[in-house]
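> coords please:
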Amino acid sequence: MKKTIGILGGMGPLATADLYRKIVENTKADGDNDHIRVYIDSNCAIPDRTAAILRGGPDPVPEMLDALRNLEKCGADCVIMPCNTAHYFLPRLQERTAQPILDMREITAAQCAARFPGACACLLGTKGTLEAKIYDAALAQQGVDFLLPGERERDELMRLIYGVVKASRPLKPEMEAWHELLVTLRGQGADYFVLACTELPILAAALGHPGPFIDPTLELAKAAIRFCGYETK
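Next comes the predicted model:
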């Protein structure tokens with residue numbers, strides 16, 4: 001029996017739409033009836049995850065649980081979250097639900113090991129993701145060598161994520177800044193880049209760069225498709 005997906009979204013709304021689009025685009029289907037039933041709660045009232053982790057901001061878990069309860073009521077067989085930083089709170093959510101929450105970190109780390117064995121990844125994300133070491137254990141478990149951006153590069157990533165994509169500002173004017181950031185990190189030893197913030201695949205798709213990239217949003221979409229008993233393209 002085919003299963004259904006629940007997207008715990010709103011973190012942010014464009015990233016939620018990007019995940020749903022990638023589920024649809026990567027499901028092997030000949031028509032509408034061959035696609036997966038997907039429930040989406042794009043709860044934009046969820047407090048900022050980076051602020052909660054680094055600055056004692058409002059706890060996002062209560063609002064995340066509110067969305068999770070809605071997905072349970074809909075009958076979602078699995079839950080996925082299009083927000084890397086939100087995975088810091090995944091253990092607190094998982095202990096409150098019987099529905100499996102697919103772990104973007106573990107899925108992504110496995111892809112890094114499979115696609116780029118022996119190469120050095122550079123983890124791109126929010127300061128919350130990087131400073132809370134959200135990906136470190138998953139990458140280490142897969143034997144993935146990785147480096148982290150320095151403080152200047154982290155500031156630039158935060159500007160691009162919060163000041164551009166989340167703020168719905170035009171992306172094209174950021175092309176030079178984006179390319180310069182990646183060239184700098186490649187000079188520091190990066191062989192490929194993990195787009196460990198769900199706003200970054202949107203930016204990368206719009207601005208272009210040879211990368212190479214690992215897109216956790218895409219890998220999460222494919223894992224959810226397989227979990228539900230469907231084939232990926």
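
> from here on, contacts and neighbour counts on C-alpha atoms
Fine.

> Can you name every helix or strand that the helix or strand hosting Met64 contacts?
With elements delineated by DSSP states H and E, Met64 resides in helix 61-74, which encompasses its position. Contact analysis of helix 61-74 by 3 or more Cα pairs under 8 Å, 6 or more residues apart in numbering; DSSP states H and E lists strand 5-9, strand 38-42, helix 90-94 as its packing neighbours.

> Following the chain onward from the second one, which element is next?
The reference is to strand 38-42. Helices and strands here follow DSSP H and E; after strand 38-42, the next one along the chain is helix 49-55.

> same thing with the last one?
Past helix 90-94, further along toward the C-terminus, the next helix or strand under DSSP H and E is helix 104-115.

> Then the first one?
Using DSSP H and E, the helix or strand that follows strand 5-9 in sequence is helix 13-25.

> so how far is Leu148 from the nearest residue to Tyr88 once chain neighbours are set aside?
Distances taken as Cα to Cα, 6 or more residues apart in numbering put Ile134 closest to Tyr88, at 6.1 Å, once the chain neighbours are dropped. Using Cα to Cα, to the nearest Å, one gets 12 Å for the distance from Ile134 to Leu148.

> Domain map for the protein?
The chain breaks down into these structural domains: 5-103+218-227, 105-216 (assignment by automatic domain parsing).

> closest one to Lys233 among these?
Each of those was checked against Lys233 via Cα to Cα, and the shortest separation belongs to domain 5-103+218-227, namely 5.1 Å.

> so how far does that closest one reach from one end to the other?
Using Cα to Cα, the span of domain 5-103+218-227 from its first residue to its last is 9 Å.

> Now do that domain: distance to the chain's middle.
Using Cα atoms, centre = their mean, to the nearest Å, the distance from the centre of domain 5-103+218-227 to the centre of the chain it belongs to is 10 Å.
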